[in-house]
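A.B. asks: one predicted model, sequence on top.
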Protein chains: 2
Amino acid sequence: MTNGEKPSLEVCLSPALLHLYNTAGSVVVIIDIFRATSTITAALHNGAECVIPVASVAECIALGNSIPGSITAGERDGKIAEGLQYGNSPLEYPASFVKDKTLVLTTTNGTRLLHMVQGASVIVIGSFLNLQAICDFLTAQNKNVLLGCASWKDKFNLEDTLFAGAVIDAVQESFTINCDSARAAKHLYAQSGGNFIDFLKDSSHYRRLSAYGLEHDMAYCATPNLHPVVPYLNGREIIAWKGL
Amino acid sequence: MTNGEKPSLEVCLSPALLHLYNTAGSVVVIIDIFRATSTITAALHNGAECVIPVASVAECIALGNSIPGSITAGERDGKIAEGLQYGNSPLEYPASFVKDKTLVLTTTNGTRLLHMVQGASVIVIGSFLNLQAICDFLTAQNKNVLLGCASWKDKFNLEDTLFAGAVIDAVQESFTINCDSARAAKHLYAQSGGNFIDFLKDSSHYRRLSAYGLEHDMAYCATPNLHPVVPYLNGREIIAWKGL
């Protein structure tokens, strides 16, 4: 950015709308609150060497086999997928288990969006667990920002957009924002009154995961700043940003 | 619907997401507040025989030539498009001018969405100008409903979604709603406090049209219930529902 002009900030509400945004040279934040980006954030803050996101269970198994000591993880329909070792909960990856290990993680919505982004300056991983760290990173970068909601099978979801609103509320002074999706996200954040999990209890995803008994998991995912780390994509690996 | 089961209500935030929804047998409400669906509502309530929506200026001119006494109308970049007679403002179509006439109207976002919908039971035209009439119609039909926001070149917009929220607020008791887009729309409606035009003054579209001096137009478009009519698509024509 030149001469005091503020960089732009926009919000993409679904991977199906990503083509409407120019991500070249931008910082792109991937948001998949329930639960991929929350789990990646927790694992890296707890000392995992890296997380490798993959789209399919088969790919996860194959890659896990090729990396000695790695953990293969992922769920389908709320259960650990057949052939994998662990699930998709941030609570499964404490430091005592995950430190210095490689986590090969298969997710659907988050991984897909991550692999769709083209030409970004850097792709980072956002969740309530690292909210402030992401905000500090975005402000320091001074580049255009796209907050990318992974959504649910391309359908808008409340939790990813609420997180986008929380980010905007914190960083808006540093950006030029002329994007109705960003305005809506900010309004949703205002409506939540900061009570994220209560606000989300009526969401589609909360209802879906509640059927699997994952309320405690979701409450954890909606807790701000438990894991101050900025995960970013480096080749095929997601690792912790060291500049913080 | 059978045995007291309530029909569903969903919101589609952009034409680019329409493929995610099953519109077969549903009532689909096309929403393009600034200004296509507002203008269609006003013209029909003021006695126009029908409105024929077309995608291109060339098509508008050709169709206008083939229908004696018809009015050709449409704007591009805030001005009456070359070769057409009138613009895209609801205020241009009072009864003294439009009564018993055919209005051939070219719009971009609204017309496109209208023509994309497949297999609906009926496609109706919604705007603040006919808010209550649309709500009464939806409740009486007792069918699944999709509120379809025309958006702006596929990008989410605030005004169409706000209108969806106003509809939901009024009809929610009659429907099963498990759709995060609908929840977000309802939250936006709550945030507006019913002051629609003030809420929209910070939107992208308001800013864009303000540059053309259209503030008065937009205030009109955000006024509820000035034109209680239910326009619906009948073949290629939009006409007023007579059952009301």
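C.D. replies: Sure thing, it's come through.

A.B. asks: which parts of chain A sit against chain B?
C.D. replies: Applying CB under 8 Å from any CB of the partner chain, we find that chain A lies next to chain B at A:13-14, A:16-17, A:20, A:152-158, A:161, A:178-181, A:183-184, A:187-188, A:190-191, A:202-205, A:207. Using the backbone N, CA and C atoms, a C-beta is placed for each residue, glycine as well.

A.B. asks: which among these end up buried?
C.D. replies: Buried subset of those (neighbour count, 16 or more other CB atoms under 10 Å in any protein chain shown): A:13-14, A:16-17, A:20, A:152, A:154-158, A:161, A:179-181, A:183-184, A:187-188, A:191, A:203-205.

A.B. asks: so A:I30 lies in a strand, does it not?
C.D. replies: Yes. Applying DSSP: H, G, I helix; E, B strand; the rest coil, one finds A:I30 inside a strand.

A.B. asks: tell me the helix or strand right after the helix or strand bottoming out on mean pLDDT in chain A.
C.D. replies: Ranked by mean pLDDT, DSSP states H and E, the weakest helix or strand in chain A is strand A:79-80, scoring a mean of 88. Scanning forward in sequence from strand A:79-80 by DSSP states H and E, the next helix or strand is helix A:95-98.

A.B. asks: contacts for that next one?
C.D. replies: With contact meaning CB atoms under 8 Å, 6 or more residues apart in numbering or on different chains, helix A:95-98 is reached by A:43, A:46-48, A:71.

A.B. asks: which of these are buried, as a ChimeraX select command?
C.D. replies: The buried residues among the contacts of helix A:95-98 can be selected in ChimeraX (16+ other CB under 10 Å) with this line:
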select /A:43,46,47,48,71
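
A.B. asks: which single one of the contacts of helix A:95-98 is nearest to chain B?
C.D. replies: Using CB to the nearest CB, A:A43 comes nearest to chain B of those, at 26.7 Å.

A.B. asks: which residues of chain A score low on pLDDT?
C.D. replies: A:1-3, A:244 (pLDDT under 70).

A.B. asks: the strands in it, which residues?
C.D. replies: Assigned strands in chain A, in chain order: A:9-12, A:27-31, A:50-54, A:71-76, A:79-80, A:102-106, A:122-126, A:145-149, A:231-234, A:237-240 (criterion: DSSP state E).

A.B. asks: which one of the ones you listed lies closest to B:T39?
C.D. replies: Between B:T39 and these, the shortest separation by CB to CB is 29.1 Å, and it involves strand A:9-12.

A.B. asks: restricting to C-alpha, output that closest one in CSV.
C.D. replies: This file holds the C-alpha atoms of strand A:9-12, laid out as CSV (Å, rounded to 0.1, in the frame of the first residue of the first chain):
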residue,chain,number,x,y,z
LEU,A,9,-10.8,-6.1,3.6
GLU,A,10,-13.5,-8.2,2.2
VAL,A,11,-15.4,-11.3,3.2
CYS,A,12,-16.2,-14.3,1.0
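
A.B. asks: pretty sure A:I30 contacts A:S127?
C.D. replies: No. A:I30 is not in contact with A:S127 according to CB atoms under 8 Å; the separation is 9.5 Å.
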